[in-house]
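1. Got a sequence here, can you build the structure:
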Amino acid sequence: MQRFFSPMMCLAGGMLIYAAAGSAGLWLMQVAHDVPAFWPANGLAVALILSVGIRRIGWLLGGVGLAGFALQTAVGGGTLGLWIVLADMIEITIIAIAAHRLRLWGSGLQSVPSVVTMIAIIAAGTVVNAAIAACAFVWFRQVPVVDSFFILWRLDATSALLILAPFFAIATPGRLGEVRQALRSREWARGLEYLALVAVILGAILFMRWTGLPMISFFTAPLLWCAIRFGPAPTAATASGFSLLVILLMIAGEWPTAYSNQPRAWQLQRLELSLSLNALPALLIAAAMTGLRKTARELKQSQERLHYALAGSGEGVWDWNIATGETYFSDSWYKILGYQRDEVEQCEGSWDLLRHPDDKIENRRRVGDHLEGRTPRYSIEQRFRHKNGEWIWVLDRGSVVERDADGRPLRAVGTLQDISRRRARQEELDRRAHHDSLTGLANRTSLSESFERWNAEKRGFSFVLIDLDDFKPINDRFGHQFGDHVLLAIADRIRACLGKGDIAARIGGDEFALLIHAPPADAELAARRLVERISESIGFADSLVTTGASIGIAAVSEGAPDFESAYRLADIALYDAKAAGGSVYRIADTLRPSDLRRREKAISALLVDAGENPADQPAGDGEDAADHRNGRETGNRRLLP
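-> Reported below is the predicted structural model:
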């Protein structure tokens, strides 16, 4: 039942709309003394098809054809009338399908391309209609084709424009919701402004009719004001309404004209052309203004999103005009550095005034690399002076966003972010990764890295190993807290004995290692001072203890030996010092690897004979007095393989 009922409704709807609108058009032609004046049937049929759905176009056109045949039969149109109905159906089909395919239906005429599209498809459809009808008039009535073509085209085009322009502008999805929203927001002032505009137009029409002055150009200003203030829908409705009113007055003979001696068809053609020329620019301007407002809203929303995003991320924005040196700094940029806008000038030189001197060279290099196109973006972590006088770490990033025809940079945009806390965390993590947690000295990892770096630089230096004598009894007797205190005191004494640039590390429970930038002869002086200082008494609470230090020294020069070999040499020298009774130092001989291994085996054999187990590795990093509580023998030396 539904399949039958719906098509029949479309057929009947097409018949009723076309019959009613066609009857009105024929009546107006009769009033105008048989001059084609206004034909709303085709425009209303297009609006009906688009409203119902393009899939029902066949049934709707069927209704149009039946109604048109009935009208032409009623007026005695004969075969010519059938051709005119056929031409109308072709026009309706062209405009409806084109409007659907080009998505004009639902556009609201809110862009200039949509208005141009509407004009183009109306022109195309009405030209085809006028051409077919003109040929029919030539064939059946011998009317000159040019005369009939322009009269029919003017009739069809003007009528279609007056009907379809407000239809396309108003009939959009969500239009009723917009109206309800406007009513809820109580925009009475805007509504009153529009009513005042309509009153001005109606008053002008009455004034022109009363005075006999047909000044169509007067309506240009009100329509432009309507376009600017209210948009496409009110503009299209207003233009069509007052144009139709003026045409009806002309048909009724109530509109003044300066060409009363001309035929009525000529007068109507001139009037409708003038009205169209007034309406079309207003529609284009309304569409352009709507597009500008939409772009402005989108830009505002984008700026707000960017503002919120930057506010949430804590980043400041800078915009640098490279050609002039003028620079814009955002409020958040100033806030990061603690300044007010009037305290830092917005120019290129402000960066250099705030930047740390040690960071200027690297920053200049990175900026130059990016400006010359060698890097895709500019990014650097550097220090800026805060208003409170402190240096804060910032992440400065940006990129060139505009270049001239020759590729020269013109403009760059970027952000500034305070990373002081992140840098502090990184530095703390790095310190923990490279320093002993108890004494603050370097650990084995840091020592190895420094050794390799010095070796790569071909420096001449001494690798020194220190092992405390009789430390385990102190730790066992007084406890780990006292033991930690002793280690801290010895670490301070080691620091005091080193020169600037030398490196001290704790690599085991009571084992230390040094890199002394000096040959063995000078390292001997440092070793002698170390033995003396470490042997001094250490007090804690009511107790006083004394420990000693056995020291082994290995010379490193010209990149040799490597870390493991130097460690073995110093380790052997250290055991020589232990064998000599402790609290002395020894300098390692430069031995071949085979001799070194034989000597290590001999020392290991001695340790076994003494009832001690030689370990495979030196004591681990961060080993402290707690190791001794757990029974670990850190007082004895251990050998590397």
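2. just the strands in the chain please.
-> 315-321, 327-329, 378-385, 391-403, 409-418, 461-469, 503-506, 511-516, 538-540, 543-545, 548-556, 585-587 (DSSP state E).
3. what's the spacing between the lengthiest helix in the chain and its chain's center?
-> Counting by DSSP state H, the longest helix found in the chain is helix 264-313. Distance of helix 264-313 from its chain centroid, counting by Cα atoms, centre = their mean, to the nearest Å, is 27 Å.
4. Remind me what it packs against, helices and strands.
-> With contacts taken as 3 or more Cβ pairs under 8 Å, 6 or more residues apart in numbering; DSSP states H and E, helix 264-313 sits against helix 112-141, helix 145-170, helix 220-230, helix 232-251. Placement of C-beta: from N, CA and C, glycine included.
5. pLDDT weak spots in this structure?
-> 1-4, 174-187, 310, 312-313, 590-641 (pLDDT under 70).
6. Spatially central residue for it, please.
-> When Cα atoms, centre = their mean is applied to the chain, the residue found nearest the centroid is Leu306 (7.7 Å).
7. that older thread, ok and the longest helix of the chain relative to strand 409-418, angle-wise?
-> Here the directions of helix 264-313 and strand 409-418 differ by 40 degrees (axes from the mean of the first three to the mean of the last three Cα atoms, to 10 degrees).
8. Please name whichever of the helices and strands packed on helix 264-313 is nearest to Trp393.
-> helix 112-141 (51.2 Å; Cβ to Cβ).
9. tell me the angle that closest one makes with helix 145-170.
-> On the basis of the same axes, to 10 degrees, helix 112-141 is oriented at 150 degrees to helix 145-170.
10. Now do the buried residues in helix 112-141.
-> For helix 112-141, the neighbour count (16 or more other Cβ atoms under 10 Å) marks 112, 114-115, 117-119, 121-123, 125-134, 136-137 as buried.
11. What of stretch 28-45?
-> Judged by neighbour count using 16+ other Cβ under 10 Å, the buried positions of stretch 28-45 are 28-29, 32, 35-45.
12. before we move on, back to that, wait, which of the helices and strands packed on helix 264-313 is closest to Ala549?
-> Once the helices and strands packed on helix 264-313 are compared by Cβ to Cβ, helix 112-141 is nearest, at 89.1 Å.
13. So the residue nearest to the centre of the chain versus Ser330, what's the distance?
-> According to Cβ to Cβ, to the nearest Å, Leu306 and Ser330 sit 10 Å apart.
14. cool, His485 as well?
-> Here the criterion is Cβ to Cβ. By it, His485 lies 53 Å from Ser330.
15. How about Thr439?
-> For Thr439, the distance to Ser330 - Cβ to Cβ - is 47 Å.
16. So for those two, which sits in the more crowded spot?
-> Thr439 (23 against 17; other Cβ atoms under 10 Å).
17. just checking, that one touches Ile507?
-> No. Using Cβ atoms under 8 Å, Thr439 makes no contact with Ile507, being 11.1 Å away.
18. quick one, phi/psi of Asp502?
-> When quoted as degrees, to the nearest 10, the phi and psi of Asp502 stand at phi -70, psi 160.
19. Just give the nearest non-adjacent residue to it, would you?
-> Ile516 (5.0 Å; Cβ to Cβ, 6 or more residues apart in numbering).
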